[in-house]
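Asks: Prediction below, plus the sequence it came from.
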Amino acid sequence: MSRSRQPPLVTGISPKEGAAWTKVTIRGENLGTGPVDLIGLSICGHNCLLTAEWMSASKIVCRVGPAKDDKGEIVVTTKSGGLGTSTVSFKLLRPERIGILDQSAVWVDEMNYYDMRTGRNKGISPLSLRPSNPLGIEIDKCKILQSDMELTFPGMSGDFTSENFSATWYLIENHAGSSFEQLKVAASNLKKQATKKNEGSLAYVKGGLSTFFEAQDALAAIHQRLESDGTERVEGSMTQRLENILNRASNTADTLFQEVLGRKDKADSTRNALNVLQRFKFLFNLPLNIERNIQKGDYDVVINDYEKAKSLFGNTEVPVFQKVYAEVETRIGALRRLLLEKLLQTPSTLHDQKRYIRYLIDLHAPGDPAWQCIYAQHKWILHLMQNCREEFICGQKVLDLEGDAHPLTLGRLSHTVSLKGGSSLRTLRASTRHFETPQQVQFVEKLSDVVIGQLPNFWKLWISYVNGSLFSETGEKSGQMEKSKKNARQRQNDFKKMVEEITNRLVKLIRGALLPTTLPPGERSDYGGWENKAELTGAWLTQIIHTVRSCHEALSAMEIPNDLLQVIQDLLLELRVHCLMVTLLHTTEDVKRLTEKVDWVVDNKGITNLPSQFEKCILQMLQSLEEPLEIKMGETNVLLLDQVQDQVTELTVTIMKVFINCLEQLSTKTDGDNDAAHNIAVDLSSPDQFSSIQEVFSPTFEQRLLIILSNCQHLERHTFLNLVEHFEKHGFTGTEKITRESVDAVRELDRTLFDAYIERRADPIAGSLEPGIYAGYFDWRDCQTPTGVRNYLKEALVNIITVHAEVFAVSKDLVSQVLSTIVESVSEEMCRLMQCVSFFSKNGALQARLELCALRDAIATYLNSESNSSFKQALDALPQLHSGSDKKLLEELLNTFKSSMQLQLTCFQPSSVQPVKR
């Protein structure tokens, strides 16, 4: 339910402190619409509604009751606004208890006495009156038996009015739980009470003058009433005597008051005289004070004193003052020289520079201290950058005497290492383990730290110089700020040249360390000299690119104009291109070393680990190039530059061809240590040693050819396609050329190796046919009736089966291609041999037809058009069979051959059996 008015708000109370029953005035907002609307008022937790007098909606008058809390809020409650709040508080002062021997200027209510023993109020005789809490802090009674205290303190008492009073007993009994800070307050209260007693009757009279006046007025009223009754006419009456006493008291008070006023006037006169003397004492002591404050570094005090002396005595005509003021100017001149020396001292913080500039401006130093500081800082930054190069060129290495070298470098390196791969990464990790960060990397990082550490403060100092924030209020009032701003506008071009010189020096020093050929010949001696240092890998160059980018981002964040930072952008572009080329070249070397990792173990598809190792190497290269190829704000895509595109495409094709050459070398490589791999002498009686024996597979030359052929096909069908996809994902252009030339190269190697394998396997088989046919002086013109297929043909088939097994063990996919080519060679040889026979007898023709048909049917699975044509031509060269008995005999002999060779010829039948992993 919403109220029609806002809740009461108390914003002031007067007075803010006082004893109980003090009349106070409460002010605020929404304090009620009338007396009836006011339904609640509490101060320090005590209900004061009975004494409240509503004056208006912003004012209430009441009396403060004897609340429990010493300090609390004023809460007003109204019918219309509800429970209110307060922004002020009231402090309730506790009245001091007055003893029977204490002087007091107020009336003591002897009936309202608090008994410490019984814990309640009761009326007692004034003679037994004693203070309830002499320490003036909260009493915290401890439950200790009286008998225990009497045993602990024999003959003593905790009653402070007793002659045998024991302070320890009293503290244990009444303040056992009080803190040390409370006890310190209690000691302070005791000292105040003792001081009041020592002030004597004079202070008593002074403090009670108003009371005496009130008492006199009251008695005068009584006197008037008595006079009206006729009592005052009696000489020597009590009223008359009381009047005389009061008159004497009044006269005594007036005498005392006049004496106090006289002393006050005398003190004021003395004070005025001392003030006049102090004014000149300031001038006389100023030279010494300036010297002391300079030694302590209190330059603000010196400047304030100088401004004060200048305003008071700057134009004085008094000779003494002129002499002292001249000494002051001499000391201030020395201070100006000291501050200027500190200002131009390097290194120094921006805070100190601004402080010294402000001091010099306030001291009206000649020249322009701010510009002098800017010029000195510019020279200091250039000096630091050049010293950084000299340090590393001379072979020095900065070491922290309490730790490792360049912890910052190693910290940055740890982040970069996690992103890099390939042999470059291995080199990086090896160097990191030995804390052997290349000196060029250390140099670039330290150089960047110098620039990032110094140039921001240098730029901020210039901004402060331009906007006039270097001046104090004194400088602004004197008009020096406008003059300085005008000077800054005139020197903008000079400052721009300073920043440009720093950025150019940074770029030239980095070029000299990493890209010396990009420097003009005349500058190579000043910025080069790194020829004897080790060549950096792509991973280290990536770290440098990261460092330079961080430097550029830090400078851009200071809102330095882009035209001053363009040289850093140009450097970054060249570093990214250089890193790209170096990484591609190093990847080429990594690919060459892949031949050292081949184990000749093939999977079910006849593939070794070489294609996967090659693909992994390329992917690691691309991963390491992510940061160099990343395009930050304002940067150019290096892969879109025409010259870079051509170089990247050529290097990528070179990497592909290098791997293909590695395959070619592996196909013809001979292992000189093949026999040594099998000559392992072990104690077979030991199970542990026996279990550690591993079979070392060393393929023959023909097996190498088959394995490499299988890898070539995998490269063409899978690896190259995957790599091209990754190249395109990373923004590489010219992928069509990369794919075309890589596929052409691998196909050329495939043809070469295939022809070599066919030559080594097909030629012996085909060459054995003719000697086998004419073995034992066999003659087609004179031979016996055929009894079956001769052994030469069976040997040829066994040799083909051997080739089949050899190829199948490596790659099932190569079986059809290899067997078809060998069958084609054999069929051509059989056709040639049959066509060379001039005459066949009946039995010779039958024997030749039997062997041709047996060979053709046995290898029918691998016949192609050329093979079928050769067999057809061979059969056409034979006389036709006209006799039914001959045909039947041919069929029977063929069935007998197939039945006897069924097991051997099973391998030529289609099968789903997978080759076994070697």
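Replies: Arrived safely.
Asks: Next up, phi/psi of the residue lying closest to residue 22 once chain neighbours are set aside, please.
Replies: Excluding its sequence neighbours, the residue lying closest to residue 22 (Cβ to Cβ, 6 or more residues apart in numbering) is residue 64, at 4.9 Å. To be clear about C-beta, it is placed using only N, CA and C from the backbone, and glycine gets the same treatment. Residue 64 adopts backbone torsions of phi -80, psi 130, taken as degrees, to the nearest 10.
Asks: Please apply the same query to residue 545.
Replies: Residue 545 adopts backbone torsions of phi -60, psi -40, taken as degrees, to the nearest 10.
Asks: ok, it touching residue 577?
Replies: No: the criterion here is Cβ atoms under 8 Å, and residue 545 misses it with residue 577 at 10.7 Å.
Asks: Pull the number of nearby residues for the residue nearest to residue 22.
Replies: Number of residues near residue 64 (other Cβ atoms under 10 Å) recorded here: 24.
Asks: That one reaches residue 45, doesn't it?
Replies: No: counting by Cβ under 8 Å, residue 64 stays clear of residue 45, with 11.1 Å between them.
Asks: Which parts of the stretch 401-550 of the chain are helices?
Replies: 407-417, 422-433, 439-467, 473-477, 480-490, 492-514, 524-527, 538-557 (DSSP state H, counting those that start in this stretch).
Asks: Please apply the same query to the stretch 1-150 of the chain.
Replies: Taking DSSP H, counting those that start in this stretch, the helices of the stretch 1-150 of the chain run over residues 146-152.
Asks: Beyond the helix or strand encompassing residue 739, next helix or strand please.
Replies: For residue 739, the host element (DSSP states H and E) is helix 735-767. Counting by DSSP H and E, the next helix or strand C-terminal to helix 735-767 is helix 769-773.
Asks: which secondary structure elements does whichever helix or strand comes after that next one contact?
Replies: Under the assignment DSSP H and E, the closest C-terminal helix or strand after helix 769-773 is helix 791-810. Helix 791-810 sits against helix 701-714, helix 735-767, helix 769-773, helix 815-836, helix 842-858, helix 902-905, with contacts defined as 3 or more Cβ pairs under 8 Å, 6 or more residues apart in numbering; DSSP states H and E.
Asks: ranking those helices by burial, who's on top?
Replies: Stretch with highest mean neighbour count among the helices and strands packed on helix 791-810: helix 701-714 (a mean of 23; mean count of other Cβ atoms under 10 Å).
Asks: Can you show me the CA trace of that one as CSV?
Replies: These are the backbone C-alpha positions of helix 701-714, laid out as CSV (Å, rounded to 0.1, in the frame of the first residue of the first chain):
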residue,chain,number,x,y,z
PHE,A,701,65.4,-55.0,-53.9
GLU,A,702,62.2,-56.2,-55.5
GLN,A,703,60.2,-55.8,-52.3
ARG,A,704,61.6,-52.2,-52.0
LEU,A,705,60.3,-51.5,-55.5
LEU,A,706,56.8,-52.8,-54.6
ILE,A,707,56.7,-50.9,-51.3
ILE,A,708,57.7,-47.7,-53.0
LEU,A,709,55.2,-48.3,-55.8
SER,A,710,52.5,-48.7,-53.2
ASN,A,711,53.6,-45.5,-51.5
CYS,A,712,53.6,-43.7,-54.8
GLN,A,713,50.0,-44.7,-55.4
HIS,A,714,49.0,-43.6,-51.9
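Asks: List the contacts of it.
Replies: With contact meaning Cβ atoms under 8 Å, 6 or more residues apart in numbering, helix 701-714 is reached by 600, 602, 605-608, 610-611, 660, 663-664, 666-670, 699, 746-747, 749-750, 753-754, 756-757, 760-761, 806-807, 810-811, 813-814, 818.
Asks: just to revisit the earlier point, same list, the helices and strands packed on helix 791-810, but as a markdown table with distance to residue 75 and mean pLDDT please.
Replies: Output for the helices and strands packed on helix 791-810, formatted as a markdown table (distance: least, Cβ to Cβ, whole Å; pLDDT from 0 to 100):
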| stretch | distance to residue 75 | mean pLDDT |
| --- | --- | --- |
| helix 701-714 | 90 | 87 |
| helix 735-767 | 83 | 90 |
| helix 769-773 | 124 | 89 |
| helix 815-836 | 103 | 91 |
| helix 842-858 | 117 | 89 |
| helix 902-905 | 113 | 81 |
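Asks: And those: which comes nearest residue 490?
Replies: Closest to residue 490 of these is helix 735-767 (Cβ to Cβ; 57.5 Å).
Asks: In terms of secondary structure, what does that closest one contact?
Replies: Using 3+ Cβ pairs under 8 Å, 6+ apart: helix 735-767 touches helix 642-668, helix 701-714, helix 720-729, helix 791-810, helix 815-836.
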